[in-house]
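Asks: Give me a model of this one.
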Amino acid sequence: MAVDYTVIVVYLAGMLAMGWWGMRRARSKSEFLVAGRRLGPSLYSGTMAAIVLGGASTIGGVGLGYQYGLSGAWMVFTIGLGLLVLSVFFSARIARLKVYTVSEMLDLRYGGGRAGIISGVVMWAYTLMLAVTSTIAYATIFDVLFDMHRTVAIVLGGSIVVAYSTLGGMWSITLTDMVQFVVKTIGVLLLLLPIAVVKAGGFSEMKAQLPTEYFDPLGIGGETIFTYVLIYTFGMLIGQDIWQRVFTARSDRTAKWGGTVAGTYCLAYALAGAVIGTAARVLYPKLGSADDAFATIVKDELPVGVRGLVLAAALAAVMSTSSGALIACATVANNDIWSRLRGRTAEGERDEVRGNRVFILLMGLAVIATAIAIDNVVEALTVAYNLLVGGLLVPILGGLVWRRGTVHGALASVVVGGLAVIVLMATYGILANEPVYYGLLASLAAYLAVSLATPATDAAVLTAWRERLAGRSPELASEPVPAPR
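Replies: A predicted model of the protein is given here:
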């Protein structure tokens with residue numbers, strides 16, 4: 001195990017070193033929050049794939065493969081599908097807006113109002129819980145490595161992410177995510193996948209050992225697939241953590257085609273996780289929990305050194321999602337909530353960077369404390385996605401595609417959809433499908449009815465919105481255009 005420990009320690013030290021290097025580049029608000037909006041296709045594709053493929057996609061995806069066979073790929077597959085839809089149909093327009101948060105987009109489209117701060121609160125809750133659930137996953141990985149206590153593992157893993165994110169902001173996260181993307185590709189796709197299949201005796205032996213439904217592409221069930229599409233595909237379209245990566249693209253072409261490459265990669269990753277889980281079912285048919293499949297096959301079947309690299313890949317998956325959610329959470333807390341509550345004031349670039357750095361540190365501490373206190377990861381993540389989709393999907397997509405939508409309709413949609421989700425989760429249970437189904441319908445009905453019943457959005461607001469969408473409007477006053485290097 002000494003070699004495995006060395007691989008992990010070198011990897012973690014490298015993450016901290018990149019955080020320190022990123023600090024030297026993050027000298028303005030734009031550099032700190034969106035990497036100066038200068039990422040080219042390679043960096044953009046790798047970092048976008050890294051953030052959407054986290055611990056749930058890696059450890060959870062293998063677990064679903066263990067439980068359902070090849071159809072267990074559907075959860076991660078719908079994430080990739082959402083990224084493809086976002087990239088092909090919306091990313092170019094989103095990148096041209098030159099904003100920092102989803103709530104700023106709502107302000108531009110609807111002309112301000114309370115919808116922005118309310119949507120900010122919903123988005124903050126979503127990004128906070130996303131960061132929490134990613135941070136909890138450290139306990140699983142460090143338990144395999146060091147037999148470490150859950151709390152110590154969460155504090156250790158969380159502290160490393162908070163450290164490099166606070167130091168360099170999006171530049172540090174971009175650099176670390178690119179390394180994490182490479183590590184995940186090597187560890188999961190190039191090493192664990194073929195080794196797992198060979199250890200299980202190949203595909204012919206897997207088919208002989210398992211029921212036929214394990215190889216049915218729809219075996220997980222149509223209702224489950226539909227729910228995945230509703231939550232994860234639509235969630236990819238509107239999440240602050242995803243939009244903030246779109247904002248880093250050098251151009252709308254980079255956002256479109258780089259995101260398309262990342263989405264395609266996600267589809268391959270989805271199938272790989274399901275195949276690994278299916279192989280684990282052959283090797284260990286009586287595991288106590290499906291989520292133990294990843295750790296078990298890594299611990300028992302991989303040779304020394306390779307095991308360390310694959311566990312580093314699992315750490316990379318968790319850290320990429322955790323850091324992306326953390327900076328999104330801090331950006332929303334500072335720019336959409338705190339700045340609005342105290343009133344917008346002009347600050348120097350150095351003060352803005354320092355303020356955002358403080359918020360990352362504060363939100364990071366909150367994430368670690370919450371992760372220690374929460375036991376049920378699935379319920380926490382379900383609450384986050386239900387609120388996101390039920391409360392924000394309609395006003396965001398409506399603002400992008402329907403000219404008649406108004407600020408009053410957007411506000412009603414957020415409030416009615418969010419409250420409906422909360423009430424229905426209390427009635428049917430957190431893990432039930434009804435809250436997001438009916439909450440989304442209530443949000444849509446409120447948006448349409450109130451928008452049609454209230455005066456149309458001011459023509460000047462819509463003109464400014466169209467100019468910004470076309471890329472002809474100047475950037476926000478708070479964001480200087482970075483000088484070329």
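Asks: contact partners of stretch 169-177?
Replies: With contacts defined as Cβ atoms under 8 Å, 6 or more residues apart in numbering, stretch 169-177 is touched by 15, 18-19, 21-23, 25-26, 31-36, 39, 43, 46-47, 50-51, 164-165, 168, 244, 248, 319-320, 323-324, 327, 353, 356-357, 360. In short, each C-beta sits where N, CA and C put it, glycine included.
Asks: Rounded mean pLDDT for it, please.
Replies: When pLDDT is averaged along stretch 169-177, the result is 88.
Asks: ok, now stretch 426-439?
Replies: Average pLDDT, stretch 426-439: 91.
Asks: Stretch 362-373 too?
Replies: The pLDDT scores in stretch 362-373 average 92.
Asks: Kindly report the same for stretch 66-74.
Replies: In this model, stretch 66-74 has a mean pLDDT of 95.
Asks: Also stretch 131-139?
Replies: 81.
Asks: what residues does it touch?
Replies: Counting by Cβ under 8 Å, 6+ apart, 54-56, 59, 148, 150, 153-154, 156-158, 161, 315, 318-319, 321-322, 325-326, 329, 363, 367-368, 370-371, 374, 377, 380-381, 384 sit against stretch 131-139.
Asks: Could I have the buried ones of the residues you listed as PyMOL selection syntax?
Replies: Buried residues among the contacts of stretch 131-139 (16 or more other Cβ atoms under 10 Å), as a PyMOL selection:
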select buried, resi 54+55+56+59+148+150+153+154+156+157+158+161+315+318+319+321+322+325+326+329+363+367+368+370+371+377+380+381+384
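Asks: Filter the contacts of stretch 169-177 down to the buried ones and express that as a PyMOL selection.
Replies: Per 16+ other Cβ under 10 Å, the buried members of the contacts of stretch 169-177 correspond to this PyMOL selection:
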select buried, resi 15+18+19+22+23+25+26+31+32+33+34+35+36+39+43+46+47+50+51+164+165+168+244+248+319+320+323+324+327+353+356+357+360
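Asks: Show me the contacts of stretch 169-177 that map onto helices.
Replies: Using DSSP state H, the members of the contacts of stretch 169-177 that fall in helices are 15, 18-19, 21-23, 31-34, 43, 46-47, 50-51, 164-165, 168, 244, 319-320, 323-324, 327, 353, 356-357, 360.
Asks: The most centrally placed residue in the chain and I231: what is the separation?
Replies: Central residue of the chain (Cα atoms, centre = their mean): V52, 4.7 Å from the mean position. Here V52 is placed at a distance of 14 Å from I231 (Cβ to Cβ, to the nearest Å).
Asks: show me the contacts for D216.
Replies: Listed by Cβ under 8 Å, 6+ apart, the contact partners of D216 are G69, L70, S71.
Asks: Next one, pLDDT for it please.
Replies: pLDDT recorded at D216 is 95.
Asks: Over to V102?
Replies: At V102, pLDDT is 91.
Asks: One more: the one 4 residues further on?
Replies: Residue-level confidence at L106 comes out at 90, pLDDT.
Asks: repeat for A115
Replies: Reported pLDDT for A115: 68.
Asks: now do S42
Replies: Reported pLDDT for S42: 93.
Asks: Can you say which helix or strand has the residue nearest to G187 when sequence neighbours are not counted in it?
Replies: Distance criterion Cβ to Cβ, 6 or more residues apart in numbering; nearest residue to G187, sequence neighbours excluded, is A313 at 2.6 Å. Per DSSP states H and E: A313 is located in helix 306-331.
Asks: what distance separates that helix from the centre of its chain?
Replies: Centre-to-centre, helix 306-331 and its host chain are 11 Å apart (Cα atoms, centre = their mean, to the nearest Å).
Asks: go on, stretch 183-197?
Replies: Taking Cα atoms, centre = their mean, one finds stretch 183-197 lying 22 Å from the centre of the chain it belongs to.
Asks: follow-up on the earlier one: would you mind putting the contacts of D216 into TSV with distance to A445, secondary structure and neighbour count alongside?
Replies: Formatted as TSV, the contacts of D216 follow (distance: Cβ to Cβ, whole Å; DSSP: H, G, I helix; E, B strand; the rest coil; neighbours: other Cβ atoms under 10 Å):
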residue	distance to A445	secondary structure	neighbour count
G69	38	helix	25
L70	38	helix	21
S71	33	helix	24
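Asks: Find the helix or strand that the closest residue to I238 other than its chain neighbours is a member of.
Replies: Excluding the flanking residues, the one nearest I238 by Cβ to Cβ, 6+ apart is I396, at 4.7 Å. According to DSSP H and E, I396 maps onto helix 377-401.
Asks: In CSV, list the C-alpha atoms belonging to stretch 328-348.
Replies: Listed next in CSV are the C-alpha coordinates belonging to stretch 328-348 (Å, rounded to 0.1, in the frame of the first residue of the first chain):
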residue,chain,number,x,y,z
ALA,A,328,-20.7,28.7,-7.5
CYS,A,329,-22.2,28.8,-4.0
ALA,A,330,-19.8,31.6,-2.9
THR,A,331,-20.5,33.6,-6.1
VAL,A,332,-24.2,33.4,-5.6
ALA,A,333,-24.0,34.2,-1.9
ASN,A,334,-21.8,37.3,-2.5
ASN,A,335,-23.1,38.7,-5.8
ASP,A,336,-26.8,37.7,-5.7
ILE,A,337,-27.6,37.8,-2.0
TRP,A,338,-25.1,39.8,0.1
SER,A,339,-24.5,42.5,-2.5
ARG,A,340,-28.3,43.0,-3.0
LEU,A,341,-29.1,43.1,0.7
ARG,A,342,-26.5,45.8,1.4
GLY,A,343,-27.0,47.7,-1.8
ARG,A,344,-24.6,47.6,-4.8
THR,A,345,-21.5,49.7,-4.2
ALA,A,346,-18.5,50.2,-6.5
GLU,A,347,-15.4,48.4,-5.3
GLY,A,348,-11.9,48.2,-6.5
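Asks: who's in contact with it?
Replies: 33, 100-101, 103-104, 116-117, 119-121, 123-124, 127-128, 130-131, 239-241, 244, 355-356, 359-360, 362-364, 367, 478.
Asks: Within the helices and strands, which one has the residue of the chain most remote from its centre?
Replies: Distance from the C-alpha centroid of the chain, by Cα atoms, centre = their mean, peaks at A208 (37.3 Å). In the assignment (DSSP H and E), A208 maps to helix 202-209.
Asks: And that helix, what's buried?
Replies: Those would be M206, for helix 202-209 by 16+ other Cβ under 10 Å.
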